[in-house]
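>>> sequence? don't have it. structure:
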C-alpha cells in the first residue's frame with residue numbers, strides 16, 4: 001500500500017530512531033508545536049487577577065477564560081482526529097495552529113467577558129488539532145520501542161509552552177496591560193508555529209483512514225472500539241482527574257498568594273510558574289523509566305508525587321508552597337506523559353488516532369469542569385478545602401490505575 005506522500009510503502013519503514021537527524025527534527029518540530037499550542041492556551045492564566053479587576057468579575061468567572069479554551073479543545077479533539085485521518089497528521093496540525101493564532105490576536109480586543117469567552121472558545125477549538133493528532137503522528141512515525149521516550153520529549157515541549165506563555169504574559173501584563181501581555185505571547189507562538197512547519201518530517205507511515213486495510217466499519221465504530229477497553233477508560237480517567245486538579249491549582253494559587261497573609265506582588269507570583277520546569281524534566285524522565293520498569297509502576301509513582309506536592313501546599317510558608325508546587329507539577333507531567341503515550345499503544349490499529357483523542361477529550365473536559373468548579377470550592381470554603389479536593393482527585397486516579405491497569409510488563413510495552 002502506498003503512502004499518502006507518494007512512493008513510500010509504510011510497511012518498509014519501521015520508524016525514526018534516536019540519534020538520527022530525522023528523529024531529532026521530529027522531536028524538535030513537535031516541541032515547537034507544543035510551545036505554539038500551550039503558550040496561547042495558558043497565557044491568560046498568568047493575568048487572571050488583572051482580568052478579574054479589569055472586567056469586574058469574580059475569580060471563578062475570570063478563570064472561565066482558561067476553561068473556555070480547554071472546553072474548545074475537549075470538543076474539538078475527536079473531530080480533529082477524524083480530519084487528520086483524512087487529510088494527514090501534519091496538515092491538520094498546521095491548519096489548527098494557524099486558525100488559533102487568528103483567534104489569539106483577536107481575544108485581547110474584548111472589553112466584555114462574554115466576548116472574551118467566545119473568542120477563547122474559538123481559540124481552543126482550533127488548538128485542539130495539536131493534542132488530537134500529535135501523539136498519533138508520533139506513534140506512527142517513531143519506532144515502537146522509542147514511542148514512550150519520544151512522547152515524553154513532546155510533553156516537555158508542552159510544559160515549556162505553558163511556562164513561556166505565563167512568564168511572558170504575566171510581567172508584561174503587569175507592566176503595561178494584560179492585553180499587551182497576551183498579544184506578546186501570540187506573536188511568540190507564531191514564530192514557534194513556523195519552526196514546527198519547517199522542522200517536522202513528512203509522514204512516511206500515514207495512510208488515509210479510508211484506504212487502510214484495518215480501517216474497519218467507520219468513524220463511529222472506531223470511537224466505540226476506543227471506549228470498550230477498561231484499560232483505555234482507566235487512562236481517560238487519569239487525564240480527567242489529574243488535569244482538572246492541576247489546572248485548578250494554577251488558576252487559583254495566584255489569588256491565594258496575593259491575598260492575606262501573604263500579600264505577594266503579582267510579578268513575584270508569576271515567577272512561581274517556573275515550577276513548570278520540573279515538568280519539562282519529569283516528562284522525558286518518566287518515559288525513560290517506563291521503558292525499564294513498566295508504565296503502570298511509573299504512573300502510580302508519579303501520582304504519588306502529585307498528591308505529596310499538593311499536601312505540602314497546606315503549609316502557609318511561601319518557600320514550602322513553592323517546593324510543593326514543584327513536586328506537584330513534576331508528578332503531574334510524569335503521569336500525563338505515561339498516560340497519554342499509553343493510549344495509542346493500547347488501542348486497536350483502526351482506532352489509534354481516536355484513543356488519544358478520547359484521552360484528550362477527558363483531559364480537557366476535566367480542565368474545563370474542575371478549573372471552574374474547584375474555584376467555587378476555593379471561593380466558598382477556602383484554600384484548605386480546595387487542596388483537600390485536589391488530593392482526593394489524585395487518590396482516586398491512583399486507585400483506578402492500580403485496579404484497572406494490569407502490571408503485565410508485556411502488556412505495558
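Received, thanks. Note that this is a predicted model, so its numbers are computed, not measured.
>>> residue 162 contacts residue 41, doesn't it?
Yes - counting by Cβ atoms under 8 Å, residue 162 does reach residue 41; the two are 7.2 Å apart. (Each C-beta comes from the backbone N, C-alpha and C, glycine too.)
>>> and these two? which has more neighbours close in?
Taking residue 162 and residue 41 together and counting by other Cβ atoms under 10 Å, residue 41 has the greater number of neighbours (30 against 27).
>>> what ranges of the stretch 201-350 of the chain fall below the confidence cut-off?
Residues of the stretch 201-350 of the chain meeting the criterion pLDDT under 70: 204-219, 349-350.
>>> which parts of it are helices?
All helices of the stretch 201-350 of the chain, identified by DSSP state H, counting those that start in this stretch, fall at 219-228, 230-258, 266-271, 276-293, 295-312, 318-346.
>>> what's the answer for the stretch 1-150 of the chain, then?
Along the stretch 1-150 of the chain, the segments classed as helices by DSSP H, counting those that start in this stretch run 21-42, 48-55, 59-87, 89-106, 113-127, 129-141, 147-175.
>>> ok, which of those comes nearest residue 258?
Set against residue 258 and scored by Cβ to Cβ, those come closest in helix 48-55, at 6.2 Å.
>>> who does the closest one touch, helix- and strand-wise?
Of the remaining helices and strands, those touching helix 48-55 by 3 or more Cβ pairs under 8 Å, 6 or more residues apart in numbering; DSSP states H and E are helix 59-87, helix 113-127, helix 178-199, helix 230-258.
>>> can you give me the buried ones in the first one?
Residues of helix 59-87 classed as buried by neighbour count (16 or more other Cβ atoms under 10 Å): 59-78, 80-85.
>>> kindly report the same for the third one.
Buried residues in helix 178-199, defined by neighbour count with 16+ other Cβ under 10 Å: 178-179, 181-186, 188-190, 192-193, 195-197, 199.
>>> repeat for the second one
By neighbour count with 16+ other Cβ under 10 Å, helix 113-127 contains the buried residues 113, 116-117, 119-127.
>>> and which of those residues is nearest to residue 145?
When the buried residues of helix 113-127 are ranked by distance to residue 145 (Cβ to Cβ), residue 127 comes first, at 30.4 Å.
>>> ok, the closest one - contacts?
Under the criterion of Cβ atoms under 8 Å, 6 or more residues apart in numbering, the neighbours of residue 127 are 37, 40-41, 69, 72-73, 76, 96-97, 100.
>>> try 6 Å this time
Under the criterion of Cβ atoms under 6 Å, 6 or more residues apart in numbering, the contact partners of residue 127 comprise 37, 41, 73, 100.
>>> spatially, which two of those are the most separated?
For the contacts of residue 127, with distances taken as Cβ to Cβ, the pair at the greatest spread is 73 and 100 (10.0 Å).
>>> can you tell me, leaving aside adjacent residues, what's nearest to residue 138?
What sits nearest to residue 138 in space, not counting adjacent residues and going by Cβ to Cβ, 6 or more residues apart in numbering, is residue 150, at 5.6 Å.
>>> right, and that neighbour touches residue 141 too?
No - taking Cβ atoms under 6 Å as the contact criterion, residue 150 and residue 141 are not neighbours in contact, 8.9 Å apart.
>>> burial count for the closest residue to residue 167 other than its chain neighbours?
Sequence neighbours aside, residue 273 is the residue nearest to residue 167 in space, at 5.8 Å (criterion: Cβ to Cβ, 6+ apart). The tally of other residues near residue 273 (other Cβ under 10 Å) stands at 24.
>>> what does residue 110 give?
Residues lying near residue 110 (other Cβ under 10 Å) number 18.
>>> do the same with residue 360
Neighbours around residue 360, by other Cβ under 10 Å: 29.
>>> so which helix or strand takes in it?
Remark: residue 360 resides in helix 354-381, with elements defined by DSSP states H and E.
>>> list the buried residues for that helix?
Neighbour count says helix 354-381 has 354-372, 374-375, 377-378 buried, by 16+ other Cβ under 10 Å.
>>> list the contacts for residue 326?
Taking Cβ under 6 Å, 6+ apart as the definition of contact, the neighbours of residue 326 are 275, 278.
>>> and it, how far is that from residue 280?
Remark: distance between residue 326 and residue 280 (Cβ to Cβ, to the nearest Å) = 12 Å.
>>> skip the chain neighbours and tell me the closest residue to residue 325.
Per Cβ to Cβ, 6+ apart, closest to residue 325 is residue 275, 4.4 Å.
>>> and if you look at residue 130?
residue 37 (4.4 Å).
>>> so that neighbour touches residue 131, yeah?
No - if you go by Cβ under 6 Å, residue 37 and residue 131 don't touch, sitting 7.2 Å apart.
>>> and the closest residue to residue 59 other than its chain neighbours, how many neighbours?
Excluding the flanking residues, the one nearest residue 59 by Cβ to Cβ, 6+ apart is residue 255, at 5.0 Å. Burial of residue 255, expressed as a neighbour count using other Cβ under 10 Å, amounts to 21.
>>> residue 255 against residue 62, yeah?
No - using Cβ under 6 Å, residue 255 is not in contact with residue 62, being 9.0 Å away.
>>> so what's residue 329 up against?
Taking Cβ under 6 Å, 6+ apart as the contact definition, residue 329 lies against 275, 278-279.
>>> can you lay out those residues as JSON lines showing neighbour count and distance to residue 106?
Putting the contacts of residue 329 into JSON lines (neighbours: other Cβ atoms under 10 Å; distance: Cβ to Cβ, whole Å) gives the following:
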{"residue": "275", "neighbour count": "23", "distance to residue 106": "30"}
{"residue": "278", "neighbour count": "22", "distance to residue 106": "33"}
{"residue": "279", "neighbour count": "27", "distance to residue 106": "29"}
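>>> wait, which of these is closest to residue 146?
The shortest separation between residue 146 and any of the contacts of residue 329 is 20.6 Å, and it belongs to residue 279 (by Cβ to Cβ).
>>> return the residues in contact with the closest residue to that closest one other than its chain neighbours.
Ranked by Cβ to Cβ, 6+ apart and with sequence neighbours excluded, the top spatial neighbour of residue 279 is residue 333, at 3.2 Å. By Cβ under 6 Å, 6+ apart, residue 333 lies in contact with 159, 279, 282-283.
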